[in-house]
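>>> Let's see this in three dimensions:
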Amino acid sequence: MGMRQKSRIKAVEMKYLRRVKGVTRLNKIRNESICQDLEIEPLQDFVERRQLSWWGHLNRMNNERPAKQIWEAKIQKRKKRGRPEQTWNNTITEIIKERGRTWREARDMAVDKRAWTKFVHGGEIQQ
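The predicted structure follows:
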């Protein structure tokens, strides 16, 4: 997901949270303090965590499962002009890089469910 999309999602999220808290932009309350007061995890962090969780699940999945076969299938089609398509795998790769790992390291780590859960949740394991 591009930075522009992330920014727009964050703006909509904060608009909603301000409404929930009953404040306006004129009150000049920082986004961080609103999130802390409401004890809300940023939506982008939640989405990334869920994407990583599913990616790890797919890597551990048996090769005969239809979901894994579809994920690993390479569709032969003609490349379109312009910017290359942003795929789900590209998005996951970016998230993994932001967390300081390579794709190969992450794939190896995903085999161990406990280690992967710890990586996905940033050191804390939630049950």
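
>>> For residue 29, which three-state class applies?
coil (DSSP: H, G, I helix; E, B strand; the rest coil).

>>> Can you give me every residue that contacts it?
18, 23 (CB atoms under 8 Å, 6 or more residues apart in numbering). Glycine gets a C-beta too; all of them are placed from N, C-alpha and C.

>>> do that again at 7 Å, thanks
By CB atoms under 7 Å, 6 or more residues apart in numbering, the contact list for residue 29 reads residue 23.

>>> now the residue positioned nearest the centre of the chain: how far from residue 95?
Closest to where the C-alpha atoms of the chain average out (CA atoms, centre = their mean) is residue 48, at 1.3 Å. From residue 48 across to residue 95, the span is 5 Å (CB to CB, to the nearest Å).

>>> repeat for residue 43
For residue 43 relative to residue 95 (CB to CB), the value is 14 Å.

>>> Among these two, which residue is more densely surrounded?
Neighbour totals were compared for residue 43 and residue 95, and residue 95 leads with 19 against 16 (other CB atoms under 10 Å).

>>> can I assume that one is in contact with residue 53?
No - using CB atoms under 7 Å, residue 95 is not in contact with residue 53; the gap is 11.2 Å.
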